[in-house]
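# Okay, predicted coordinates and the sequence, questions at the end:
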Amino acid sequence: MARNKPPSQRQLKAGELIRRALAEIIAKENLRDPALQGVSVTISEVRASADLKHAVVYAAPLGGGDSPSVIAALNRCSKFLRGRLGREMEMKSTPALKFVEDATFDTATEMQEILNRPEVRQDLE
């Protein structure tokens, strides 16, 4: 049953702090991975585990792009990013980072396309 519990205030706060710090680090750092060269990355959400030892980071390349290769590159850089995160934040331990593709932008675009179809539009009006 513990898996279905909503995140605590502590987890939510830690997740938001990690999200902000990671976004800043990724924007400032010159990451060496070729898949990340010249790519702006959006960090939309970070979900921290109850013990704050692990964090799932939802990310996507800004403006689309090759999302799977960018996510794979971020996972390759995760140890480096974790180290930088540890220097930026005051936490007892820095969580291990796992990057996953954020599909919410794609879902929002698909929903907008559906709502703009003539047959759907007439039903809405």
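Perfect, I can see it now. Given the structure is predicted, the values throughout are model-derived calculations rather than measurements.
# List the contacts of K53.
Contact analysis of K53 by Cβ atoms under 8 Å, 6 or more residues apart in numbering lists 93, 95-96. C-beta: built from backbone N, CA, C; applies to glycine.
# List buried residues within those.
Buried by 16 or more other Cβ atoms under 10 Å: P95, out of those.
# which one of the contacts of K53 is nearest N4?
Nearest to N4 among the contacts of K53 is P95, at 21.1 Å by Cβ to Cβ.
# Confirm for me that the closest one is in contact with V57.
No. The pair P95 / V57 is not scored as a contact, 9.5 Å apart, by Cβ atoms under 8 Å.
# looking at this protein, which helix or strand is least sure?
helix 104-115 (a mean of 72; mean pLDDT, DSSP states H and E).
# Which SSE is immediately downstream of that one?
For helix 104-115, the following helix or strand on the C-terminal side (DSSP states H and E) is helix 118-124.
# neighbouring contacts of that next one?
114-115.
# and I18, how many neighbours?
By other Cβ atoms under 10 Å, the residues close to I18 number 25.
# Let me know the helix or strand that the residue nearest the centre of the chain is in.
Note on the chain: the residue nearest the mean C-alpha position is Y58, at 2.3 Å, using Cα atoms, centre = their mean. Y58 is part of strand 54-61, with elements assigned from DSSP H and E.
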